[in-house]
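Engineer: Show me the folded form of this:
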Amino acid sequence: MHNSKKLQNSLPLILNFKIYIARLALISEFLAPYLFKILLLSLIFIILALTEVFTLLPYLFHGLILILFSLSYIYIIFDFIIKFKWPEKILCAKRIEKDNNEEHMPFSSLFDQPALNKDNIIWEEHYKRILKTSKSLKNIKLKPSYSQIDPLCLRLPFMILFLFIFMGFSKNIDKKFESAFLPDKDIGVSQSGVFTGWINPPEYTNWQPVLIKNSDNPLKIPIGSSLSARIFGGDGASVLKMGDKKEIFVQIDKVLFIRLK
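Structural biologist: Residues are numbered from 1 along each chain as shown. A predicted model of the protein is given here:
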């Protein structure tokens with residue numbers, strides 16, 4: 001007579017394999033909603049980055065949005081870690097019984113032990129019978145988790161929208177992501193002013209003042225000329241750079257004015 005406890009502790013390879021597959025199914029079903037949330041969150045961030053929405057936001061609001069995205073990721077991962085429990089063998093066995101519509105629970109009964117007469121031949125025969133029945137259980141079904149997470153199937157049009165945006169706005173993708181991850185104080189918080197400048201030649205030349213045009217071409221001016229410049233509108237301090245020299249514009253109401261000699 002074989003010891004029944006020994007039989008229970010040494011399940012056949014086929015049953016251990018079924019338990020392994022059932023465990024993978026349980027883990028994947030538990031993981032599915034978390035992966036769905038992370039994927040959705042990531043796609044939203046990518047869409048905002050590609051369409052350069054972040055560059056239009058004020059500096060502080062941009063930083064706040066990045067913090068909210070980060071906290072959302074941390075919450076999803078932390079919630080998964082807290083709630084996840086490793087599927088035990090008996091739970092995997094019950095899953096297999098459920099997938100095979102087996103009401104008498106033969107597989108999970110393999111882990112039971114009689115309170116008395118553990119070496120009784122009747123118990124041993126019963127164990128062999130339910131062991132045989134357990135081997136015949138073949139179905140392990142993976143539940144359609146995403147249909148429960150997204151019953152309206154909104155993920156399909158959202159994925160199509162994402163693909164269109166990705167194909168249409170993927171130019172300079174590295175710079176766009178850099179702008180998305182690194183808020184810039186100079187972007188979205190200031191307005192450019194209108195620059196007007198002219199050169200005043202000295203009197204001995206009898207030249208009229210020369211208007212400075214928006215061009216990269218160098219200017220040839222007589223010795224002793226002076227520069228006048230104005231900036232209308234704009235935010236923040238205005239500075240004129242000439243080589244290593246800097247001159248700060250003097251504010252006059254809403255017009256910024258500087259004159260250099």
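Engineer: When you work out contacts or count neighbours from here on, use the C-alpha atoms and nothing else.
Structural biologist: Will do.
Engineer: remind me which residues of the stretch 1-150 of the chain are low pLDDT?
Structural biologist: Across the stretch 1-150 of the chain, residues meeting the criterion (pLDDT under 70) sit at 1-9, 112-120, 123, 144-147.
Engineer: One more pass at 50, please.
Structural biologist: Along the stretch 1-150 of the chain, the model assigns pLDDT under 50 to residues 1-8.
Engineer: Please enumerate the helices of it.
Structural biologist: With DSSP state H, counting those that start in this stretch applied, the stretch 1-150 of the chain shows helices at 4-9, 13-50, 59-83, 89-99, 106-109, 121-135, 145-149, listed in chain order.
Engineer: Tabulate the ones you listed (JSON lines), appending distance to residue 220.
Structural biologist: Shown next, in JSON lines, are the helices of the stretch 1-150 of the chain (distance: least, CA to CA, whole Å):
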{"stretch": "helix 4-9", "distance to residue 220": "96"}
{"stretch": "helix 13-50", "distance to residue 220": "44"}
{"stretch": "helix 59-83", "distance to residue 220": "41"}
{"stretch": "helix 89-99", "distance to residue 220": "86"}
{"stretch": "helix 106-109", "distance to residue 220": "94"}
{"stretch": "helix 121-135", "distance to residue 220": "96"}
{"stretch": "helix 145-149", "distance to residue 220": "71"}
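Engineer: how much space between the closest residue to residue 87 other than its chain neighbours and residue 30?
Structural biologist: Among residues not flanking residue 87 along the chain, residue 23 sits closest, at 6.0 Å (CA to CA, 6 or more residues apart in numbering). With distances taken as CA to CA, to the nearest Å, residue 23 is found 11 Å from residue 30.
Engineer: These two: which is more packed in?
Structural biologist: The neighbour count for residue 23 versus residue 30, taken as other CA atoms under 10 Å, is higher for residue 23 (21 against 16).
Engineer: OK, contacts around residue 203?
Structural biologist: For residue 203, no residue meets the contact criterion (CA atoms under 8 Å, 6 or more residues apart in numbering).
Engineer: so how far is residue 224 from it?
Structural biologist: Counting by CA to CA, the gap from residue 203 to residue 224 is 9 Å.
Engineer: Name the residue most distant from the centre of the chain?
Structural biologist: Note on the chain: the largest C-alpha distance from the chain mean falls to residue 204, namely 67.6 Å (CA atoms, centre = their mean).
Engineer: for that residue, helix, strand, or coil?
Structural biologist: The three-state label given to residue 204 by DSSP: H, G, I helix; E, B strand; the rest coil is helix.
Engineer: if we can go back for a sec, gap between the residue nearest to residue 87 and residue 96?
Structural biologist: Distance from residue 23 to residue 96, by CA to CA: 10 Å.
Engineer: what does residue 53 give?
Structural biologist: When distances are taken as CA to CA, residue 53 and residue 96 turn out to be 49 Å apart.
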